[in-house]
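Chemist: Pasting the sequence and the predicted coordinates here, then a few questions.
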Amino acid sequence: QVQLVESGGGLVQAGGSLRLSCAVSGGTLSSYAMGWFRQTPGKEREFVAAISRSGGSTWFADSVKGRFTISRDNSKNTVYLQMNSLKPEDTAVYYCAAHYTMTNSRTYAGSSAYDYWGQGTQVTVSS
């Protein structure tokens with residue numbers, strides 16, 4: 001059974017940075033395209049960033065483009081979300097997700113594409 005565990009969340013001031021990690025176990029990370037999503041109370045989970053199985057393709061939500069980067073280290077079975085220039089509206093629970101795929105270069109923005117989800121990590125950005 002594939003398990004995803006997020007870490008790195010916390011409280012940060014506006015303009016600050018955080019790096020989230022997603023550790024994958026029970027499977028080989030290189031078999032999965034990965035994504036990050038976030039959710040605030042009363043709202044639907046929204047797409048943040050995605051990275052292809054190979055790591056060669058990435059895709060970002062317009063709201064985070066230019067501020068967030070996504071990367072992966074298949075040797076460590078870990079995916080990262082580097083968040084810079086954080087804003088109060090980035091406050092949310094952040095989830096990582098894994099999609100098993102044979103395609104190296106495709107990214108996925110729809111939550112329904114993903115097969116496995118982590119439990120989430122809280123990010124709070126104070127103004």
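Modeler: Structure's in. What do you need?
Chemist: tally of neighbours for Ser21?
Modeler: One way to gauge burial is a neighbour count; for Ser21, by other CB atoms under 10 Å, it gives 17. No exception for glycine: its C-beta is placed from N, CA and C like everyone else's.
Chemist: who touches it in this structure?
Modeler: Applying CB atoms under 8 Å, 6 or more residues apart in numbering to Ser21 gives the contacts Glu6, Ser7, Gly8, Thr78, Val79, Tyr80.
Chemist: what do you get if the cut-off is 7 Å, keeping everything else the same?
Modeler: Listed by CB atoms under 7 Å, 6 or more residues apart in numbering, the contact set of Ser21 reads Glu6, Ser7, Gly8, Thr78, Tyr80.
Chemist: Which of these are buried? Put it as a ChimeraX command.
Modeler: One line in ChimeraX is enough to select the buried ones among these; burial here means 16 or more other CB atoms under 10 Å:
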select :6,8,78,80
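Chemist: So which of the contacts of Ser21 are in strands?
Modeler: Glu6, Ser7, Thr78, Tyr80 (DSSP state E).
Chemist: before we move on, the earlier item: which one of the contacts of Ser21 is nearest to Ser30?
Modeler: If you rank the contacts of Ser21 by distance to Ser30 using CB to CB, Thr78 comes first, at 11.8 Å.
Chemist: ok, that closest one touching Ala23?
Modeler: Yes. At 5.3 Å, Thr78 counts as touching Ala23 under the criterion of CB atoms under 7 Å.
Chemist: Please name the nearest non-neighbouring residue to the most centrally placed residue in the chain.
Modeler: Using CA atoms, centre = their mean, the residue of the chain that lies closest to the mean C-alpha position is Trp36, 2.3 Å off. Nearest in space to Trp36, with sequence neighbours left out and distances taken as CB to CB, 6 or more residues apart in numbering, is Val48 at 4.3 Å.
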